[in-house]
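Peer 1: Fold the following, please.
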Amino acid sequence: MGLFDNIKNQVSQPQQSAPSGGNRSVNIVFNTLPDNFEQFRSLPQAAMSTPFDTAAMTVLALCFYPQNKEMCFDMVNFLKGPKPLSPYEKSFITDRFRDADYVPRSYFNGATPQNDYMPSQPYTVTVSENPYSYQNEGYAKMFIRSGGADSPREVLLRKAKDGKWYLWEQFILVGIRQPESQNPWA
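Peer 2: The predicted structure is shown next:
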């Protein structure tokens, strides 16, 4: 079964381009979605050579939580490199998924409340930088728009000695608008 095959009530929506959050926006395209951890690690973006790639991979990793919590944690730990998830961070992620399994997929282009956050294909995450993204040496604060929020969310990355950009903190598992199929007021 594919990553997004379990989404009910799919509605076709035309793809909308994500607005830029700053100086530069990069579309990270996943031509195929992984089915397991090994496929995740073999994606070209898994080289984590840019903060844009690592931020987009963070979104993808968190999408796996509803299907396989442990594999999601393995993916996030891969992205975190030498600083694995703490018990607190695991608990926080678990708490965020109690009521809203749709939040991470809302960061894919084309995913909106009207289509139950079903992303358009090819699966694309638009990651942006702004004038303050590289304010602290060795860190990058990137921004990703959700189809269910009015402002972009942050992903903080840290560059290691090996030249890779690792996930330091993510602020993307926050509340967004409910999918219309779950919203009694829609």
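Peer 1: Can you show me the helices along this structure?
Peer 2: 37-41, 51-63, 69-80, 87-96 (DSSP state H).
Peer 1: hey, which of those is tucked in deepest?
Peer 2: helix 51-63 (a mean of 26; mean count of other CB atoms under 10 Å). For every residue, glycine as well, the C-beta is placed using N, CA and C.
Peer 1: helices or strands up against it?
Peer 2: strand 24-30, helix 37-41, helix 69-80, strand 123-129, strand 139-144, strand 153-159, strand 165-170 (3 or more CB pairs under 8 Å, 6 or more residues apart in numbering; DSSP states H and E).
Peer 1: want to throw these into a markdown table with distance to residue 96 and mean pLDDT?
Peer 2: Shown next, in a markdown table, are these (distance: least, CB to CB, whole Å; pLDDT from 0 to 100):
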| stretch | distance to residue 96 | mean pLDDT |
| --- | --- | --- |
| strand 24-30 | 22 | 96 |
| helix 37-41 | 20 | 98 |
| helix 69-80 | 11 | 98 |
| strand 123-129 | 18 | 97 |
| strand 139-144 | 16 | 97 |
| strand 153-159 | 12 | 97 |
| strand 165-170 | 10 | 97 |
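Peer 1: Of all the ones you listed, which one is nearest residue 53?
Peer 2: Checking those against residue 53 by CB to CB gives strand 24-30 as the closest, at 6.2 Å.
Peer 1: okay, the residue most central in space within the chain: pLDDT?
Peer 2: Centroid check for the chain by CA atoms, centre = their mean gives residue 59 as the closest residue, at 1.4 Å. We have a pLDDT of 98 for residue 59.
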